[in-house]
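just a sequence and a predicted model for now, questions to come.
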Amino acid sequence: MTVEGAHPGNRRIDRVLAEDYLSGLASASLEDVRGLRQDAEQEEVDLSYIRRMVQGRIDIVRAELARRGGEGGKLVDQLPGILADEPRAPARGLGRHTTLEPTRADEHRRYVERLVADVDLSDVSARSDDELRRALETLAVEEQALSGKRREVQQVMDACSAEITRRYRDGEADVSTILAAQDS
């Protein structure tokens, strides 16, 4: 829920990215600011999850196209490396740590599957090069859109965190209240 004005019935992403989501942030209660940040954090986790699923499919399609071009062996033998969490390039992330898990994982999976419903990626070897290139293009466009939304959500998280930090720095909030709450 936004500080000023709610967006009832909208998805969390719609609320978090609404123009007025951070309206009144400086005058909101500390609890409300933390709630806004928590909603944004959960949305960032969900977007990251969907984005990684899209990236995994991109990696599989690219590997199949490369295999057809004479690079590598059987795709099934390459899958562990393709889908490994180990970065293949220098990490560019913000290094955020979260203990949150994605919500609606099945819904996210179905969403990603619908992106390229016309190309069944469960057997990429049965798809033509053109079908795979179209699927790759669709997935790449979606990955870019998800990355953009994720950056926007991270800006909201940063604004909430900055407000919380300001309150502690300026003495408007007291660290001892956090410590006392943790001891309870």
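Cool, the structure landed.

next one: S23 from D32, what distance?
In this view, S23 and D32 are 12 Å apart by C-beta to C-beta, to the nearest Å. All C-beta spots, glycine's among them, are computed from the backbone N, C-alpha and C.

in this protein, which helix is the longest?
The longest helix of the chain (DSSP state H) is helix 129-169.

which helices and strands does it pack with?
helix 12-16, helix 30-68, helix 105-115 (3 or more C-beta pairs under 8 Å, 6 or more residues apart in numbering; DSSP states H and E).

between these, which gets nearest to S125?
helix 30-68 (6.8 Å; C-beta to C-beta).

ok, D59 - contacts?
82-83 (C-beta atoms under 8 Å, 6 or more residues apart in numbering).

and it, how far from I13?
Distance of D59 to I13, computed by C-beta to C-beta: 25 Å.

what's the burial count for Y111?
Using other C-beta atoms under 10 Å, Y111 has 14 other residues around it.

for it, give me its contacts.
Counted by C-beta under 8 Å, 6+ apart, Y111 has contacts I50.

show me how far the longest helix of the chain is from its chain's centre.
With C-alpha atoms, centre = their mean, to the nearest Å as the basis, helix 129-169 stands 6 Å off its chain's centre.

and if you look at stretch 50-58?
In terms of C-alpha atoms, centre = their mean, the centre of stretch 50-58 is found 11 Å from the chain centre.

quick one: which of the helices and strands packed on helix 129-169 is nearest Q154?
helix 30-68 (6.1 Å).

just the buried residues of the closest one, please?
By 16 or more other C-beta atoms under 10 Å, the buried positions in helix 30-68 come out as 30, 32-33, 36-37, 39-55, 57-61, 63-65, 67.
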